[in-house]
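S.K.: structure here, sequence nowhere to be found:
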């Protein structure tokens, strides 16, 4: 059975994506241009992401705070590269009530400036360090083209902002948070994302360097999914965030910031979902199991309740769908919504002491004994689905990871079936710009040294001696 | 020992409040006029409030969503009373990037208009109802005078917005959410808040009627702490939110909204705290128990860890303070921060197999046996503190609840020791305005019929026949 509301993925990926977002009721356009409404099914995924990540942040000593949503223009202007990067894409508040403001303020596109001002006012001594703060907030960037979850004028995210006594500590923090993101992607989202460093051209406006986590979508397009920035003293100097160090000298702090956003929901969709709708890894699915009684009969209902209890006892989020729709309608709806496991219980099954279990990832149906072993079976199955989604995504990523030694090779790949292309680079921005002419291909990241391969001696673009390997891709 | 950073509460309540906010590091002013930064100690309280309330909302069938932060002017203008109430106090975005917007947008002061537009676009049939949505977001109101948590240009809150098939269902929802707020205040915040209906003059801009939860602060001033509005069809008509009802006729939905905010943190402070800083009810305290080793000796540390494990096993949030500060400094700091229970363990105590337990509410110190009974003792003590805070707050509220039959009586009360004043009212707005001349005294609420007392036959102000009892107070 085919979901008629969803364009086949291999026919038109962009329409397929929009159809899945709509059919699974994750988000919808609002009357506010470029902004979306995140609906219950979408927001519940975000809540689960928040819960897991927030736990990881707190385990590593981070605390949550809340900074103002506005940034006065003079504050935004304090760090030159930063303002250059962000000023063209902010929304400006110019009036409060009926009065023109003396100084206009932007709605935060990111909060380095606010955190820097706060830290400058509150930190005095090395005993005050480190400060490991994070906030879960909305931010606004005045984008021209928008797509639900991938790029919208307002989005939700977390932004960590930390300050440290030494460069080494701050650099360790930058790496620690990248690794946390990678762990979250692998273990929860079942997305085998790659990590590395951004080139100078692609780094964050105001950073010394930027680490990035990049995921490959089903169609071979890359999604920048999170970043972790090392600022060194690039903000602490203009904002004058000083502390008296252990030698009793005044020194500027070393700073980081890192963030992931609701964009991850877009990544989840484009990595795992299919022509029948959303597919969710069990560890991030708001509801892991749905039990559908085929008939509204008392022995069926009581069996459903018994299984519900057994599943909930193990911490599995399950529910019984008692709505008045037909079983077939329910099956399709829960499939569209990406519920990982569906249990069907009918009177005839019960006579044979059996029930049917359907898994969303492969859409297989299994008949199993309706005895005390159901919870065991489902628990194992959820883990198997989680593992299988990661395995399939890894296989696809690997199949779409290429090497290229010439521009022609790269061009051919990107025009046939794009993906991650590993190629050597001379370090020159001109070559990046030239490569960009191939369907907008950009450097995704410079892999960390231990993961670099020696693909060739020369730059894929200009043929001059290569400095490093770079992974290239077409991006969202 | 007196905390020198805190002005005595009975000497200058306003300064005392600001001092507690600062000393307990709950919030601080930002460079953005009228906006505060919520610091880790303050935000952790908000996180606990969110967790408990969100659980209560979900148990009663509500789902979370996220609406845009902006409202186009034309959308805000759709309901006449609503725009009149809010337009004077909104922040206007007029530019996106370098371009002037074709239509200016306000930063949401509340989201009735956005929800109404969404519901109009998505609801068709009685089978789509009810919709029970909520969101946890920031809102902006361009206030002139601001105070941390009590009134600031940006604050955090939740706003529930529901639509129903019948007026009866919507009215039941309005009451259900008021009762949930009241339960939360009583059981978690240990605040004996009163509930009732706002007068016409004080109701929400656009509501048929507004229920309110009002708390009495230590100084006898009232704090409007949450509201639940019944809209009837006042939004569904201008926004044209229709559904086909069970008779297959097109009908406008019946609507509610309800919200509480970070203002509750201000209420917590002003009800329970004292001259030594913050006092927190254990059920809302981010950290319930601190264990302070008096000496850094191995048997002391291992005892501290043993007790920590025993407390954590019971779900008590405890931590050992191993920082390098002196014990006396630690005691004062944890007291200022309002940690409900402190356990002190010294080598001499251990020789005698005893330890000291200090409770924050009464500041009593108890010496108890350092054996396996410690966790039992602490668990009981936390409950006792929770109960005692509610008891003390209730006694104070009752002591500051008066009746008045004449304006002179009311004036005398408000000029001596203000509080809640129960008095009869004719229903005329002119009398409300006249009473307001007494230090800004306003009607807090009309108690529900079953809670009304027959104080007199005549209006406290004009002497004409009274229609109802009203509880009056000076407000924040």
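M.R.: Received it, and whenever you're ready, just let me know what you need. What you see is a predicted model, and the numbers here were worked out from it, not measured in a lab. Numbers count the residues shown, from 1 in each chain, chains lettered A, B, ... in the order given.

S.K.: does chain B have contacts with stretch A:125-133?
M.R.: Yes. Residues of stretch A:125-133 contacting chain B under C-beta under 8 Å from any C-beta of the partner chain: residue A:133. For the C-beta atoms, the positions are set from N, CA and C on the backbone; glycine is no exception.

S.K.: list the buried ones in that stretch?
M.R.: For stretch A:125-133, the neighbour count (16 or more other C-beta atoms under 10 Å in any protein chain shown) marks A:126, A:129-133 as buried.

S.K.: stretch A:181-188 too?
M.R.: Those would be A:181-182, A:184-185, A:188, for stretch A:181-188 by 16+ other C-beta under 10 Å.

S.K.: let me know the pLDDT of the residue nearest the centre of chain A.
M.R.: In chain A, the residue lying closest to the centroid (C-alpha atoms, centre = their mean) is residue A:264, at 2.4 Å. Note for residue A:264: predicted pLDDT of 98.

S.K.: returning to that earlier point: can you put the buried residues of stretch A:125-133 in JSON lines and add pLDDT and secondary structure?
M.R.: Listed next are those as JSON lines, based on pLDDT from 0 to 100; DSSP: H, G, I helix; E, B strand; the rest coil:
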{"residue": "A:126", "pLDDT": "97", "secondary structure": "helix"}
{"residue": "A:129", "pLDDT": "97", "secondary structure": "coil"}
{"residue": "A:130", "pLDDT": "98", "secondary structure": "coil"}
{"residue": "A:131", "pLDDT": "98", "secondary structure": "strand"}
{"residue": "A:132", "pLDDT": "98", "secondary structure": "strand"}
{"residue": "A:133", "pLDDT": "98", "secondary structure": "strand"}
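
S.K.: where does residue A:50 fall, secondary structure wise?
M.R.: Following DSSP states H and E, one finds residue A:50 within helix A:40-59.

S.K.: and the helix or strand of chain A with the lowest mean pLDDT, which residues are buried?
M.R.: Ranked by mean pLDDT, DSSP states H and E, the helix or strand of chain A with the weakest confidence is helix A:80-86, at a mean of 87. With burial defined by 16+ other C-beta under 10 Å, the residues of helix A:80-86 counted as buried are A:82-83, A:85-86.

S.K.: nearest spatial neighbour of the closest residue to chain B within the stretch 101-250 of chain A, skipping sequence neighbours?
M.R.: Minimum separation of the stretch 101-250 of chain A from chain B (C-beta to the nearest C-beta) falls at residue A:142, amounting to 4.2 Å. Sequence neighbours aside, residue B:96 is the residue nearest to residue A:142 in space, at 4.2 Å (criterion: C-beta to C-beta, 6 or more residues apart in numbering or on different chains).

S.K.: that neighbour: what's it in contact with?
M.R.: A:90-92, A:142, A:153 (C-beta atoms under 8 Å, 6 or more residues apart in numbering or on different chains).

S.K.: what about residue A:326, neighbour count?
M.R.: Counted with other C-beta atoms under 10 Å in any protein chain shown, residues neighbouring residue A:326 total 10.

S.K.: which strands or helices does the strand or helix carrying residue A:223 pack on?
M.R.: Per DSSP H and E, residue A:223 falls inside strand A:222-232. Packing partners of strand A:222-232 (3 or more C-beta pairs under 8 Å, 6 or more residues apart in numbering or on different chains; DSSP states H and E): helix A:167-187, strand A:209-216, strand A:254-261, helix A:263-272.
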